[in-house]
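Asker: Fold the following for me, if possible:
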Amino acid sequence: MIEFDEAIVNNLIFHKIGSEQTMSFLNESEYNLNNEEEEETLKRIFLKPFTSAISTYEFSHDIDIELNVLFSLIKGLLKDEPFIEKSQSIHQHLKSVSKHPNIKEGELFVLKFDNLKMGNNYYQGVGIYKIENKENFIETSHSQNEELGLNFKKGIGTRKLDKACLILATEEPYTVLIIDNASIETDYWVNDFAKVKLRKDYINSTSQFLTLTKSFITDQITNDFEVTKAEQIDLLNRSVDYFKTHDTFEKEVFEKEVFQESSVINSFRSFDTSYCENNDLELSDSFEISSQAVKKQARIFKSVLKLDKNFHIYIHGDKDLIEQGVEKDGRKFYKIYYQDES
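Answerer: Below is the predicted model of the structure:
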């Protein structure tokens, strides 16, 4: 999703977020980076997890976007209003929405970046992170009398972030990337703290249309037509191949290349309409294709034909090389044609 090789860490501060039983603490000063190695470590911990994100969000509010607390605070940070003061206000806002009894204490990190790359553009950005679970690690020591020692500690490493949001200074209400790996039954980070909704952009359009197509092929098409599993897999492969081999999505072209027959195309259009209504989606008939979203979504487009518990057939194309039939004694079979084996 983003590229961070050229990113610069401009500001860094952290505060203590308490629970109902523990105190919170506000830091009054920023942390000043000592060297390039520290900056690279921060980028790996706080930016790398967003490189695999395939959904983008934006700030929202039912009445007025200016009433979204975090949006207003980020807007101030991007206008170079006092960093420490704004970070403390972010802490206060997080505390105010953390009312669920299962919400954990932790450290709140706020960082301000330059040169974050998304697509072909560079942006300023603000990262907000709540670290709830620390990693165990071993630190080795070597004293002057040549004694070797081990120190067992807990700290913040490069494993999955608990909760994070990265705001890119695109046009308002900004582009927001979200991480929430909470195991408790609360969604306060997304709905109360950040208060975001899915952004209508090419990244989400790519992902959503692939999901819609998969749902049609796996769940709906067999209700309207006699389709074998091998034919379903072929349709799934053709769908993904279209997105892999085109830079721009054109709905009519996609329908003709993938579904081909007018009756299947009409069935798909009917399903498309009802799917979007049921899921409150507005998908354009034309958009730029996100290669990252395709790569991520392609993993769920399974091309495996499972036969009882004995065989798995991986189908990658050309369904005409597979024939299906039934023996006189009722046993089902597939006949596969091929040129080479390895």
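Asker: Would you map the helices across the chain?
Answerer: Using DSSP state H, the helices of the chain run over 36-46, 69-78, 83-97, 188, 202-215, 221-224, 229-245, 251-258, 262-278, 291-298.
Asker: out of the ones you listed, nearest to residue 135?
Answerer: helix 36-46 (10.7 Å; CB to CB). Placement of C-beta: from N, CA and C, glycine included.
Asker: got the buried residues for that closest one?
Answerer: Residues 42-43, 45-46 are the ones in helix 36-46 that count as buried (16 or more other CB atoms under 10 Å).
Asker: could I get that helix in PDB with only the CA atoms?
Answerer: Below are the C-alpha coordinates for helix 36-46, written out as PDB (Å, rounded to 0.1, in the frame of the first residue of the first chain):
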ATOM      1  CA  GLU A  36      20.000   6.900  11.300                       C
ATOM      2  CA  GLU A  37      19.700   3.400  12.800                       C
ATOM      3  CA  GLU A  38      17.100   4.500  15.300                       C
ATOM      4  CA  GLU A  39      15.100   6.100  12.500                       C
ATOM      5  CA  GLU A  40      15.200   2.900  10.400                       C
ATOM      6  CA  THR A  41      14.100   0.800  13.400                       C
ATOM      7  CA  LEU A  42      11.100   3.200  13.900                       C
ATOM      8  CA  LYS A  43      10.100   2.900  10.300                       C
ATOM      9  CA  ARG A  44      10.200  -0.900  10.400                       C
ATOM     10  CA  ILE A  45       8.100  -1.000  13.500                       C
ATOM     11  CA  PHE A  46       5.600   1.700  12.700                       C
END
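Asker: May I see the helices of the chain organised as CSV, with distance to residue 16 added?
Answerer: Formatted as CSV, those follow (distance: least, CB to CB, whole Å):
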stretch, distance to residue 16
helix 36-46, 18
helix 69-78, 19
helix 83-97, 9
helix 188, 18
helix 202-215, 35
helix 221-224, 54
helix 229-245, 45
helix 251-258, 51
helix 262-278, 44
helix 291-298, 35
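Asker: of all those helices, which lies closest to residue 149?
Answerer: helix 36-46 (23.4 Å).
Asker: mean pLDDT lowest for which of the helices of the chain?
Answerer: Here the helices of the chain differ in mean pLDDT, and the lowest is helix 291-298 at a mean of 85.
Asker: Show me what it is packed up against.
Answerer: In terms of contacts (3 or more CB pairs under 8 Å, 6 or more residues apart in numbering; DSSP states H and E), helix 291-298 is packed against helix 202-215, helix 229-245.
Asker: As CSV, those with mean neighbour count and distance to residue 101 would be great.
Answerer: Listed next are these as CSV, based on neighbours: other CB atoms under 10 Å; distance: least, CB to CB, whole Å:
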stretch, mean neighbour count, distance to residue 101
helix 202-215, 20, 34
helix 229-245, 19, 44
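Asker: Dump those helices to TSV, plus distance to residue 20.
Answerer: What follows is the helices and strands packed on helix 291-298, written out as TSV (distance: least, CB to CB, whole Å):
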stretch	distance to residue 20
helix 202-215	37
helix 229-245	48
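Asker: The helices of the chain: which one's closest to residue 156?
Answerer: Smallest distance to residue 156 across these (CB to CB): 6.5 Å, for helix 36-46.
Asker: Quick check: residue 61 touching residue 70?
Answerer: No: in this structure, residue 61 is not within contact of residue 70 by CB atoms under 8 Å, at 10.3 Å.
Asker: the more surrounded of those two?
Answerer: More neighbours surround residue 70 than the other of residue 61 and residue 70, with 23 against 14 (other CB atoms under 10 Å).
Asker: Please report the distance of the closest residue to the more buried one other than its chain neighbours from residue 240.
Answerer: Of all residues not flanking residue 70 in the chain, residue 194 sits nearest, at 5.7 Å (CB to CB, 6 or more residues apart in numbering). Here residue 194 is placed at a distance of 32 Å from residue 240 (CB to CB, to the nearest Å).
Asker: do residue 74 as well
Answerer: Taken as CB to CB, the span from residue 74 to residue 240 is 36 Å.
Asker: got a list of what the nearest residue to residue 91 once chain neighbours are set aside touches?
Answerer: Nearest residue to residue 91, sequence neighbours excluded (CB to CB, 6+ apart): residue 15, at 4.6 Å. Each residue near residue 15 by CB atoms under 8 Å, 6 or more residues apart in numbering is listed here: 24-27, 87-88, 91, 107-108, 110.
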